[in-house]
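Student: no sequence on this one, just coordinates:
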């Protein structure tokens, strides 16, 4: 399997070729107002009837092929890596996610250097001996609930850093860690009845009462979560019996090599207890901040930096693993360094969108033309097939726009009126959006959160694809049944 960076390069090359074949176009935007949690909110969305091709002086559609190299801050094909790395803002991909990864990598570098996590895992394994397999369904369900209730996604990166050593100590692997953390959040995200970053926004844009249809979505969440747990348990038990069957066996050596041969009588003193209390308090602080104040990447990164600072002070005072002030600084730098590889992948993948002209609806781009053409195609199909094709389209479009709220703002103003035309309820159109958008987040290399979680668990994207494709096919089949079934049952 080619290296992940090689795959991203050829996808970027394909995107560049598209700019030589597809004319560019743009939409106008309009503001829509909707109620969410009793609060009136406004969001700018595309006007579905406003699409126009960019034309020259003769009225002909314009094709704007990307140059091989561009200066002055423009994007040429050979600029895509750098421009992708510095794109966005501190609030999101790519630069925000990259800096987030470096900060939490450094913070957890300090935590891991204390030895507390390793010693705590040894104690936990001894206390729960015989019941280890219950960790998987419990953690998966909790993370799925987090994805459903408050749109948890990026937060899984930090948790994966804590859980991965535990999973490998228990006889599982890095892939199991990705499943019970990030994938679980996306299962909840996709099937949520109340996700403020996808369902609520999509329903508001589509003119559907916000958080309506919660009963059906709640049942879907339970079903998809149970399917995810069953799939993960089946794989994990196979790996537990024979670790060499793991797709990530070679890369898991990174964690196995860091394990000591200590037994359960290893060091565990007041300093270790204070470190664990600091981690627990930080997790509670993060959850509170996300729910109560909608804190996001800048705040969460700073919270984990605070955790690393406090743990460093504790480690120096109690001389955990011989830690000194200089060693704390060194471990922060080394922890951040482990994030360089996934950070590069995140930035380069973000550059693909820039090659296609960016995600702005009002700026002429190839991506806007693709969106408009897909809308016309869906409008010409039979009702049940239109409903299903909305699912397929949303899953495909998610490759280019992985933000749930961003994709809702771009696609739902087109899908909602199209649904009326072809005889599909807008509630079904929203369901197709959330399932298509959410589940493909576990596959696309343009998802910064996926690539970051794979990075901290040392799982190569190519090996991840070999593992996850049967699960994705299963989710797609169940999603297809759910969308087509909802259409025939008149879900509204």
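Tutor: Sure thing, it's come through. Here the structure is a predicted model, which means the values were calculated and not measured.

Student: contacts only, for the nearest residue to residue 8 once chain neighbours are set aside.
Tutor: Counting by C-beta to C-beta, 6 or more residues apart in numbering, residue 8 lies nearest to residue 348, which is 5.0 Å off, once chain neighbours are set aside. Yep, even glycine has a C-beta here, placed from its N, CA and C like the rest. Contacts for residue 348 (C-beta atoms under 8 Å, 6 or more residues apart in numbering) come out as 5, 8, 9, 12, 80, 81, 84, 85.

Student: one more time with 10 Å, if that's ok
Tutor: In this structure, residue 348 makes contact with 4-5, 8-9, 11-12, 80-85, 94, 445-446, 451, judged by C-beta atoms under 10 Å, 6 or more residues apart in numbering.

Student: name the nearest of the residues you listed relative to residue 209.
Tutor: Nearest to residue 209 among the contacts of residue 348, counting by C-beta to C-beta, is residue 446 at 32.2 Å.

Student: for that closest one, give me the pLDDT.
Tutor: Residue 446 carries a pLDDT value of 84.

Student: any weak-confidence spans in the stretch 1-150 of the chain?
Tutor: For the stretch 1-150 of the chain, applying pLDDT under 70 flags the ranges 1, 34-38, 121-122, 124-126, 128-130.

Student: all the strands of it, residue numbers only.
Tutor: Here the stretch 1-150 of the chain has its strands, by DSSP state E, counting those that start in this stretch, at 25-26, 29-36, 39-46, 52-53.

Student: any idea which of those strands is most buried?
Tutor: Of all those, strand 25-26 carries the top mean neighbour count, a mean of 22, counting by mean count of other C-beta atoms under 10 Å.

Student: who does that one touch, helix- and strand-wise?
Tutor: Identification of packing neighbours for strand 25-26 by 3 or more C-beta pairs under 10 Å, 6 or more residues apart in numbering; DSSP states H and E yields strand 52-53, helix 366-379.

Student: can I get those in a markdown table including distance to residue 482?
Tutor: A markdown table is the format used below for these (distance: least, C-beta to C-beta, whole Å):
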| stretch | distance to residue 482 |
| --- | --- |
| strand 52-53 | 36 |
| helix 366-379 | 18 |
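
Student: hey, least reliable of those by pLDDT?
Tutor: Of all the helices and strands packed on strand 25-26, helix 366-379 carries the lowest average pLDDT, namely a mean of 86.

Student: which secondary structure elements does that one contact?
Tutor: Using 3+ C-beta pairs under 10 Å, 6+ apart, helix 366-379 is in contact with helix 4-18, strand 25-26, strand 39-46, strand 52-53, helix 340-355, helix 383-397, helix 404-422.

Student: now with 6 Å?
Tutor: strand 25-26, helix 383-397, helix 404-422 (3 or more C-beta pairs under 6 Å, 6 or more residues apart in numbering; DSSP states H and E).

Student: out of those, which gets nearest to residue 100?
Tutor: Minimum separation from residue 100 across these (C-beta to C-beta) falls at helix 404-422, 17.7 Å.

Student: downstream of the closest one, the next helix or strand is which one?
Tutor: Using DSSP states H and E, the helix or strand that follows helix 404-422 towards the C-terminus is helix 426-439.

Student: just the element for residue 479, please.
Tutor: Going by DSSP H and E, residue 479 is part of helix 461-488.

Student: buried ones in that helix?
Tutor: 461, 463-465, 467-468, 471-472, 474-476, 478-480, 482-484, 486-487 (16 or more other C-beta atoms under 10 Å).

Student: so what angle separates the directions of that helix and helix 383-397?
Tutor: In terms of direction (axes from the mean of the first three to the mean of the last three C-alpha atoms, to 10 degrees), helix 461-488 departs from helix 383-397 by 150 degrees.

Student: what about helix 461-488, average pLDDT?
Tutor: 96.

Student: thinking again about what came up before, out of the strands of the stretch 1-150 of the chain, flag the one nearest residue 108.
Tutor: Among these, the nearest to residue 108 by C-beta to C-beta is strand 29-36 (34.1 Å).

Student: for residue 268, see how far away residue 489 is.
Tutor: According to C-beta to C-beta, to the nearest Å, residue 489 stands 56 Å off from residue 268.

Student: ok, those two, which is more surrounded?
Tutor: Remark: of residue 489 and residue 268, residue 268 carries more neighbours, 16 against 11, as counted by other C-beta atoms under 10 Å.

Student: identify the residues contacting the more buried one.
Tutor: For residue 268, the contact set (C-beta atoms under 6 Å, 6 or more residues apart in numbering) comprises residue 119.

Student: list the contacts of stretch 21-36.
Tutor: Residues outside stretch 21-36 that contact it (C-beta under 6 Å, 6+ apart) are 40, 42-47, 50-51, 53-54, 61-64, 200, 204-205, 210, 361-366, 368-369.

Student: buried ones among the residues you listed?
Tutor: 43, 45-46, 51, 53-54, 200, 204-205, 210, 361, 364-366, 368-369.
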